[in-house]
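Asks: For reference, the sequence and a predicted model appear below.
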Amino acid sequence: MTTIKHTTTDRHELETFLCDYAATLLECGATTVRIEKNVLRMAEAYGSETEVNIYPRHVEVVVKDEAAGSIIVRSKATCLCAVNYSTVKALSKLSLHCRERHLPLGTAIMLYRKVTGTPRIPFPAVTALTSLANASFCRLFGGDGMAMLIVLVATACGFYVKDALHRKWHIDPRLSIIAASCISAVMSCSARVFSWSDTPDTALATSVLYLVPGIHYMNAVSDLINGHHICAMSRFITASITTICLSAGLYLCLLIMNINIM
């Protein structure tokens, strides 16, 4: 395989680029095995011997320069971001292009910035899609048409409240989940209170499913299988806390509405 030779300045750019690249993948919800595979593929394309250390809140990229007899370590902390598989897919494709098309480092950096600078799906569209997906869950579990409509509206309101509390008012995300879960569940109780649906229990049970952190659970299992036990436990604990919070919101709704499900 053809590799690209770099000057010392390019080597420093490569080290920083690989660290930023790995941190972005971690922020966007990539599994640790995906991050390792992509970073090592990228480093190989530029003739660099690299190791990647992935932790719950930061990444380390160790670049070995045999010619200079030195080892450079780059570390970067990550922030809490929403999962974005479009970015993960685009960055994975970028690593393939770097290896197969021998892209210059400057071009790779430019394409990376283009990918990370791409706007996310507008919030109204995300809200609509999430609401439709949750209404589909209601139908999947046997809900009738009116129950689906109630769940759709309850999901949209809860999703908006969760985002507003966390992003606009900077409320702790765990409290935001409790509030969103309670609001969605209370709204779904209209199916029972006003007898609008023949499947009110299904509407209530599925109204909070949009808050279940399924991706975090799957990533935790993937990390566990591939030997990244620290990241696996961190993701599993984070997902468990989210599940506890949405359960607390649902239980609070049952207390408010005086509903006994036993």
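Replies: Noted; the coordinates are in hand.
Asks: and S197, which of the three is it?
Replies: coil (DSSP: H, G, I helix; E, B strand; the rest coil).
Asks: Provide a list of residues in contact with it.
Replies: By Cβ atoms under 8 Å, 6 or more residues apart in numbering, the contact set of S197 is G143, D144, M146, A147, I150, A191, A203. Where C-beta positions appear, they are placed from N, C-alpha and C, glycine not excepted.
Asks: how near is the last one to G142?
Replies: So the one you mean is A203. Here the criterion is Cβ to Cβ, to the nearest Å. By it, A203 lies 10 Å from G142.
Asks: neighbour-wise, which of the two wins?
Replies: A203 (29 against 11; other Cβ atoms under 10 Å).
Asks: Now do the contacts for the more buried one.
Replies: Contacts of A203 (Cβ under 8 Å, 6+ apart): C138, G143, A147, I150, V151, A154, S188, A191, R192, S197.
Asks: from memory the first one sits against Y210, does it?
Replies: No. Look at C138 against Y210 with Cβ atoms under 8 Å: they stay out of range, at 10.9 Å.
Asks: quick one: which of these two has more around it?
Replies: It is C138, of C138 and Y210, that has more neighbours when counted by other Cβ under 10 Å, with 29 against 23.
Asks: what's the pLDDT at that one?
Replies: C138 carries a pLDDT value of 97.
Asks: ok, back up a step: show only the entries of the contacts of S197 found in helices.
Replies: M146, A147, I150, A191, A203 (DSSP state H).
Asks: which SS state does the spatially closest residue to S234 that is not a sequence neighbour fall under?
Replies: Among residues not flanking S234 along the chain, P56 sits closest, at 3.6 Å (Cβ to Cβ, 6 or more residues apart in numbering). Three-state call for P56 (three-state DSSP): coil.
Asks: now the strands for the stretch 51-200 of the chain?
Replies: 58-65, 70-77 (DSSP state E, counting those that start in this stretch).
Asks: so where's the stretch 1-150 of the chain shaky on pLDDT?
Replies: 1-9, 66-69 (pLDDT under 70).
Asks: The same query, at a cut-off of 80, please.
Replies: 1-11, 65-70, 80-82 (pLDDT under 80).
Asks: re the thing from before, pull out the buried members of the contacts of S197.
Replies: G143, D144, M146, A147, I150, A191, A203 (16 or more other Cβ atoms under 10 Å).
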